[in-house]
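> missing the sequence, but the structure's below:
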């Protein structure tokens, strides 16, 4: 088996499997939490919460009330999560205010106050010292970020990228084929019957005598001349062998063919060729149609292959050319060529007289129609690399397998019958020769799955932009909530607390200092918390909770400046914690219930290090892991080194350089000798 590890990855894995190589809990944050919790007020509150949870009369409702004290006025004084009017923190409350007195949920979360939730969440993000847990969470977070950001970026780019070329949703989902025809079934049948009539790699010669001659010679395997019957007629019409060769070899003067003939000389030869085409019918015509695999009905002269009404007998009324404000019909309702389309078509051609020039060679109506079809086909994505049969297959899903009653067929064989629009049948079992197509024991009508439009979906068809504003507004306002470009989500948005990237330590320290600064102003509230330790029943605790809320409200009116300071700090932390909790919830990651001792996640994390190394945007995985790696030890340096190695590998591969840096993962192998032995 090929190797999947490099020396740096092996080194990183060895450290991580021993729970080494990443930094521990941020020491500054740990100190700040300890300092806040050690204030007299908060330590008394913590004792009250611990006391109540241990009582047999405790209820989940009262516990949640205890944990929510002051949340509308000054949540810092109740160590609670803010609520309206200070803010809305649905994800934090859902995560925190649950029934911890009922069935054990299996998590390590202990509801003892918002400061403790910060501590426990940070520890959970770091795996609580178990880097298998860290690896589980980190890989899941990266998957969530990648998926979500794909949608955010696509929403931002949708109308900007696709908007300038957007006409309607049908064109968008069919590679612009519906811009050519509004009747896909008939269009597909016509294309299927045209066989190899035109070379889509040379659409500038579509509908021209030179383009047709080149296809005949190419399909017949003849160089510098055409099939004898046509060659002889062309010579008899006054053309020279050089004229014929010039058309077949496309010997027009140009940048890459400076010695070619002029366009006027080329068009003179085409005019003579067209005159010769009018003389080809009967067996000579049948031979050429066979060479081109053309089965279009009612073609009686070779020149008719340059007449779109003849070559698109079913779909020509539906054919359209591009216009400034949308597709323009090529034909009028009466079947004649749209009299106003020539200047529109000319605007899409290299020469503004393209229709006029071809009109000197073939009938003017045919010239305009062919040039219109040329520019229409050029709108189809990748058309130069798609043959006409492939285009027909894409449009119709057609198979060129007419049913013959005298033939035997195998199960699942597809056949067609009927004209001008074929009906398709699939063999349900092995079909003996002579079995009628209407015998339902052997044949069943089927469709071949050609292109689908948005027919029957009026709201989609009515869109004037690729994505409706209601959709882009939703992603912009409800999904794009991160700090990255256009609201994309970064690793720091989800896991920044693991590094205290948003400086919660300063906020907690500020809150602790403010509490200390209030001094005796908090004595009454602190005493209420002490009294809770003597609550004899649930009713007594409910009364004390009400008293505490009233006292916090009083403090708010007496010390508005200090309360405002604490609220600013608390709301700042709650906003970030709630957003982080939202992301982990949407990613279906329960950080308080990750599996311990998971070595497979460590292996997967190490395997992903080269890929994480490529995620170098601000706040992305590479920056986060560089700051989290414990570079004081070998394993931590290997984590950073493996990401650098990943970037190097991508750069080397993009320039065709092979890097033999992977250790074989097969059973023990012999080392490669420094000097090969001479036998």
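Okay, I see it. Computed from a predicted model, the values in this text were never measured in an experiment. Numbering: from 1, shown residues only.

> Looking at this protein, which helix is longest?
When the chain is parsed with DSSP state H, its longest helix is helix 131-162.

> which parts of that helix are buried?
Across helix 131-162, burial judged by 16 or more other Cβ atoms under 10 Å covers 131-142, 144-145, 148-149, 152-153, 155-156, 158-159. Placement of C-beta: from N, CA and C, glycine included.

> what's the average pLDDT for it?
Confidence over helix 131-162, taken as the mean pLDDT, stands at 94.

> I'd like to know how many residues surround the closest residue to residue 336 other than its chain neighbours.
Distance criterion Cβ to Cβ, 6 or more residues apart in numbering; nearest residue to residue 336, sequence neighbours excluded, is residue 365 at 7.1 Å. Residue 365 has 16 neighbouring residues, counting by other Cβ atoms under 10 Å.

> Contacts for the helix or strand in which residue 365 is found next, please.
Residue 365 belongs to helix 364-377 when assigned by DSSP states H and E. Helix 364-377 is contacted from outside by 179-180, 200, 203-204, 206-208, 306-309, 316, 319-322, 327, 330-331, 336-337, 341-342, 345-346, 348-349, 354-355, 358-359, 361-362, 383, using Cβ atoms under 8 Å, 6 or more residues apart in numbering.

> Equivalent analysis for stretch 214-223, please.
Residues outside stretch 214-223 that contact it (Cβ under 8 Å, 6+ apart) are 196-199, 202, 205, 224-227, 230, 247-248, 250, 288, 291-293.

> Give me the contacts around stretch 623-642.
With Cβ under 8 Å, 6+ apart as the test, stretch 623-642 has contacts from 6, 8-9, 11-12, 14-16, 18, 20-23, 491-492, 495, 498-499, 606, 609-610, 612-613, 616, 643.

> do you know how far the residue nearest the centre of the chain is from residue 480?
By Cα atoms, centre = their mean, the chain has its centre lying nearest to residue 150, at 5.5 Å. Separation of residue 150 from residue 480 (Cβ to Cβ, to the nearest Å): 12 Å.

> Phi and psi next, for residue 635.
phi -60, psi -40 (degrees, to the nearest 10).

> Burial check on it, number of neighbours?
For residue 635, using other Cβ under 10 Å, the count is 20.

> got it, and the one 4 residues further on?
Other residues near residue 639 number 28, with proximity taken as other Cβ under 10 Å.

> Tell me the pLDDT of it.
Residue 639 carries a pLDDT value of 96.

> Return the distance of the helix or strand hosting it from the chain's centre.
Using DSSP H and E, residue 639 maps to helix 634-654. Centre-to-centre, helix 634-654 and its host chain are 27 Å apart (Cα atoms, centre = their mean, to the nearest Å).

> Residue 375 versus the closest residue to residue 237 other than its chain neighbours, what's the distance?
Leaving aside its sequence neighbours, residue 237 sits nearest to residue 276 (Cβ to Cβ, 6+ apart; 4.5 Å). To residue 375, residue 276 is 27 Å away according to Cβ to Cβ.

> cool, and residue 32?
69 Å.

> With neighbour numbers in mind, choose between these two.
More neighbours surround residue 32 than the other of residue 32 and residue 375, with 25 against 20 (other Cβ under 10 Å).
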